[in-house]
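K.L.:
3D model of this:
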Amino acid sequence: MKQNKKNAYLIFLVTLAITIAAFVLGLVDIRLYNSKVHHESFTGSRLFTADDSQAKDVSVRAVPRSSTWTKTFDFYNEGLTEPNYQAYTYDFTVSNNTGDEVSSFSFKLVFSHEVFLASAWNGALEIHQFRDGAELTDTIPDLRDYIPSDYALETVSVDGEAFVALRPGDYLVYVPSSSMNAMEMPIKPREGTTPGFILYTAIDESINDSTLELEYVFHRELTREPLFWISLAALTLWLIALVIYEITSFQIRQYNERHERDNELITESIETFTGFIDAKDPYTNGHSKRVAQYTRLIAEHMGYEGEELDRIYYVALLHDCGKIGVPDHILGKPGKLTNEEYEIIKSHTVRGGEILSSFRSLEDVDEGARYHHERYDGKGYPDGKAGEDIPLVARMICVADSFDAMNTDRVYRRKLSRDIILREIEKNKGLQFDPKIADIMLELIRSNKIAADG
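P.N.:
Numbering: from 1, shown residues only. Modelled structure (predicted):
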């Protein structure tokens, strides 16, 4: 029982460790996921389209507004009067198509044609220009407040308006704003943000073959991690199982305590009854209890345990109850019994069986009393049963009863020596005794688990 309880708690400990490990693994997975920088590249139709049917986890769509205007860029003072550049207002919509929050993002827009950047809103622009083998880099917090003299970038002025010149291969990096006004970060699940640019390209040209490289980082809540829910469910089941186990263990302990008290009461009652029987013959005092103990050892060696072992003990304890009807002068007669007296002695088996036949709460209790003097060769009494026809418990008691008779002083003789007892049991295997049970008794005596005191 204690070993079973120890094993149960070991199982609970192991399953709790697995559950905690799953939770920790979920935390690690979340941490790794939230620290990973994701990369996506958009160009051509993937970028410049309003169709988001092929959208990634985070996608960008650059769609020009319908209203445009033109300007005349006379770079070489040629006296141009016809507009040669057209303005486009582009909305770059960054969409979060997942259930996780986008904690940060930025994108790099590489131009394939010459453009002139007029305005941008929300975030900051990190401009990269390549001139005469050198790279000019500067960050403009808000292009709407751009003052050319404050930066080292190439700038052109048309009609009093300053433009940042971006040639093929130049690029800008858009850094979103987290200010209360713009609030581009974080991007909530299933939502988006739309930074925008106004830029000029030569008439009949566009930026549609430019490339946008997006970087972003997710922030996933722990509650969206499958391992969190798995570990939570496992912990819930673990707690329920533990509570059920403790309640069941408590009930089993109560049952076992009641069972032990009942067994003690039964044992004390039967031992008291058999004590009356044994007291009729001072030479056999304690015989019933000793036979019951020997029988229990035999049964235990045969693999019986628990309540079945208790039952066998009680059956053996009551095996001589029929002697209560045998007159004292016959039980204690020191000389040889007459035939009539011997028949009266033999009748204790039948009388015992009859007494115990109404003892319904102890299964087959009458078999020990009625058949413990049957012999394996069929020459016993009262019914002359032989071999396997004799109930097993009666065959056990037969060996235990004979051993105790040889190992105690009787009115007609002194107890026998250990060697004689061993020889007698060996000699009567297959005759008086079941050979297998006799071998068990011999082993118990030789290993001193049953003491032969003679």
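K.L.:
all strands for this protein, in order.
P.N.:
37-43, 58-64, 70-71, 85-96, 101-110, 115-121, 124-131, 134-140, 155-158, 161-166, 171-175, 192-193, 196-202, 211-219 (DSSP state E).
K.L.:
what sits against residue 123?
P.N.:
174-177, 182, 184, 195 (C-beta atoms under 8 Å, 6 or more residues apart in numbering). Every C-beta, even on glycine, is put in place using the N, C-alpha and C of the backbone.
K.L.:
so which of the residues you listed are in helices?
P.N.:
Nothing among the contacts of residue 123 maps onto helices, per DSSP state H.
K.L.:
buried among those? Need that as a selection in PyMOL.
P.N.:
Per 16 or more other C-beta atoms under 10 Å, the buried members of the contacts of residue 123 correspond to this PyMOL selection:
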select buried, resi 174+175+176+177+184+195
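K.L.:
with pLDDT and distance to residue 216 added, can I get the contacts of residue 123 in CSV?
P.N.:
Below are the contacts of residue 123 laid out as CSV (pLDDT from 0 to 100; distance: C-beta to C-beta, whole Å):
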residue, pLDDT, distance to residue 216
174, 95, 12
175, 93, 12
176, 92, 10
177, 86, 15
182, 67, 17
184, 86, 12
195, 92, 14
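K.L.:
that older thread, can you list the strands of the chain in JSON lines and add distance to residue 442?
P.N.:
JSON lines is the format used below for these (distance: least, C-beta to C-beta, whole Å):
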{"stretch": "strand 37-43", "distance to residue 442": "81"}
{"stretch": "strand 58-64", "distance to residue 442": "85"}
{"stretch": "strand 70-71", "distance to residue 442": "120"}
{"stretch": "strand 85-96", "distance to residue 442": "85"}
{"stretch": "strand 101-110", "distance to residue 442": "81"}
{"stretch": "strand 115-121", "distance to residue 442": "104"}
{"stretch": "strand 124-131", "distance to residue 442": "98"}
{"stretch": "strand 134-140", "distance to residue 442": "101"}
{"stretch": "strand 155-158", "distance to residue 442": "114"}
{"stretch": "strand 161-166", "distance to residue 442": "107"}
{"stretch": "strand 171-175", "distance to residue 442": "95"}
{"stretch": "strand 192-193", "distance to residue 442": "91"}
{"stretch": "strand 196-202", "distance to residue 442": "103"}
{"stretch": "strand 211-219", "distance to residue 442": "79"}
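K.L.:
surely residue 139 and residue 127 touch.
P.N.:
Yes - here residue 139 reaches residue 127: they are 7.4 Å apart, a contact under C-beta atoms under 8 Å.
K.L.:
could you pull up the mean pLDDT of stretch 446-454?
P.N.:
Per-residue pLDDT values across stretch 446-454 average out to 84.
K.L.:
before we move on, what about stretch 42-55?
P.N.:
Stretch 42-55 shows a mean pLDDT of 75.
K.L.:
and if you look at stretch 358-372?
P.N.:
Mean pLDDT, stretch 358-372: 86.
K.L.:
quick one: contacts of that stretch?
P.N.:
The contact list for stretch 358-372 (C-beta under 8 Å, 6+ apart) reads 311, 314-316, 318-322, 349-350, 352-357, 382-383, 385, 390-391, 393-394, 397-398, 401.
K.L.:
which of residue 139 and residue 127 has more neighbours?
P.N.:
Shown here are residue 139 and residue 127; by other C-beta atoms under 10 Å, residue 127 has more neighbours (22 against 11).
K.L.:
contacts only, for that one.
P.N.:
Residue 127 touches 117, 136-140, 153, 164, 166, 170, 172, counting by C-beta under 8 Å, 6+ apart.
K.L.:
low pLDDT regions in this structure?
P.N.:
Applying pLDDT under 70 to the chain flags residues 1-2, 50-55, 66-67, 180-182, 277-284, 411-412, 454.
K.L.:
any idea which residue of it is furthest from its center?
P.N.:
residue 79 (84.4 Å; C-alpha atoms, centre = their mean).
K.L.:
can you turn the buried part of the contacts of residue 127 into a PyMOL selection?
P.N.:
The PyMOL command for the buried members of the contacts of residue 127 (criterion: 16+ other C-beta under 10 Å) is given here:
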select buried, resi 117+140+153+164+166+170+172
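K.L.:
contacting residues for residue 114?
P.N.:
Residue 114 neighbours (C-beta under 8 Å, 6+ apart): 165-168, 201-202.
K.L.:
do that again at 6 Å, thanks
P.N.:
Residues near residue 114 by C-beta atoms under 6 Å, 6 or more residues apart in numbering: residue 167.
K.L.:
can you check the one 10 residues further on too?
P.N.:
Taking C-beta under 6 Å, 6+ apart as the definition of contact, the neighbours of residue 124 are 139, 141, 175.
K.L.:
likewise residue 377?
P.N.:
Residue 377 sits next to residue 431 when contact means C-beta under 6 Å, 6+ apart.
K.L.:
for residue 335, same thing?
P.N.:
Residue 335 neighbours (C-beta under 6 Å, 6+ apart): none.
K.L.:
I figured residue 162 hits residue 155, correct?
P.N.:
Yes - assessed by C-beta atoms under 6 Å, residue 162 is found in contact with residue 155 at 5.3 Å.
K.L.:
can you check which residues contact both of the two?
P.N.:
residue 148.
K.L.:
quick one on the thing from earlier: now the contacts of residue 127 as JSON lines including distance to residue 407?
P.N.:
Putting the contacts of residue 127 into JSON lines (distance: C-beta to C-beta, whole Å) gives the following:
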{"residue": "117", "distance to residue 407": "115"}
{"residue": "136", "distance to residue 407": "114"}
{"residue": "137", "distance to residue 407": "108"}
{"residue": "138", "distance to residue 407": "112"}
{"residue": "139", "distance to residue 407": "107"}
{"residue": "140", "distance to residue 407": "111"}
{"residue": "153", "distance to residue 407": "116"}
{"residue": "164", "distance to residue 407": "116"}
{"residue": "166", "distance to residue 407": "114"}
{"residue": "170", "distance to residue 407": "113"}
{"residue": "172", "distance to residue 407": "108"}
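K.L.:
what is the nearest of the contacts of residue 127 to residue 9?
P.N.:
Nearest to residue 9 among the contacts of residue 127, counting by C-beta to C-beta, is residue 139 at 62.8 Å.
K.L.:
now for that closest one: which residues touch it?
P.N.:
Residue 139 touches 124, 126, counting by C-beta under 6 Å, 6+ apart.
K.L.:
the chain should start at 161 in everything you say after this.
P.N.:
That works, and once the first residue is 161, the last one we named lands at residue 299.
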